[in-house]
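>>> Test case, fold it:
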Amino acid sequence: MNRFVVISGCSGGGKSTLLAELERRGHAVIEEPGRRIVREELAGDGAALPWVDAAAFARRAVAMALADWETAARLEGWVFFDRGLVDAAAALEHATGEAVLEALGRAHRYRRQVFLTPPWPEIYVNDPERPHGFEAARAEYERLLEAYAALGYAVSILPKTSVAARADFVLETLAV
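Numbering: from 1, shown residues only. Predicted structure coming up:
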């Protein structure tokens, strides 16, 4: 869908903060599947936590991203995704070796223009939902950069600047 915009990239790179700003400006936002899954798993038995069972986590992320796609279709205007199906499929492929990225990534398209937050060690922090280190986040970023490019998306790397300036950059880029 041409109005479905993905904000992806490096963990701890400021995606969620940027999306909160876009939501504050009146745009629809779909929360990252991974964060929702981790919260649910931490409240439950924790069997599908990414650091416990990466494949189970990725399968849940794919299912949730597909459900998010359906939910977003009922929303008006720009819909900004904090990660999406490409991220989930890339995680599943990385965890299991199953070749799912191409099929899933081509069947459910987002706007061709995607935005990636680059590795930014100065703002990277761990939290209970993100216990992995910066190098793991950087490796994930590299996989996502490859995945989006391989699927024909035009990737814009977000500048390392204020949240407001990043939001302006996204909206100005989409206006072109």
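>>> what sits against residue 137?
Residue 137 sits next to 10-13, 119, 124 when contact means C-beta atoms under 8 Å, 6 or more residues apart in numbering. C-beta here means a position set from N, CA and C on the backbone, and glycine is covered the same way.
>>> Grab the nearest non-local neighbour of it.
In space, and not counting its chain neighbours, residue 137 is closest to residue 11: 3.9 Å by C-beta to C-beta, 6 or more residues apart in numbering.
>>> Turn the contacts of residue 137 into TSV, including distance to residue 19.
Formatted as TSV, these follow (distance: C-beta to C-beta, whole Å):
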residue	distance to residue 19
10	15
11	14
12	14
13	12
119	18
124	17
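>>> closest to residue 69 among these?
Using C-beta to C-beta, residue 11 comes nearest to residue 69 of these, at 22.0 Å.
>>> before we move on, back to that, specify which member of the contacts of residue 137 is nearest to residue 59.
Nearest to residue 59 among the contacts of residue 137, with distances taken as C-beta to C-beta, is residue 11, at 19.4 Å.
>>> would that closest one count as being in a helix?
No: read with DSSP: H, G, I helix; E, B strand; the rest coil, residue 11 is coil and lies in no helix.
>>> ok, it touching residue 140?
Yes: using C-beta atoms under 8 Å, residue 11 makes contact with residue 140 at a distance of 6.2 Å.
>>> Quick check: residue 139 is in a helix.
Yes: under three-state DSSP, residue 139 falls within a helix.
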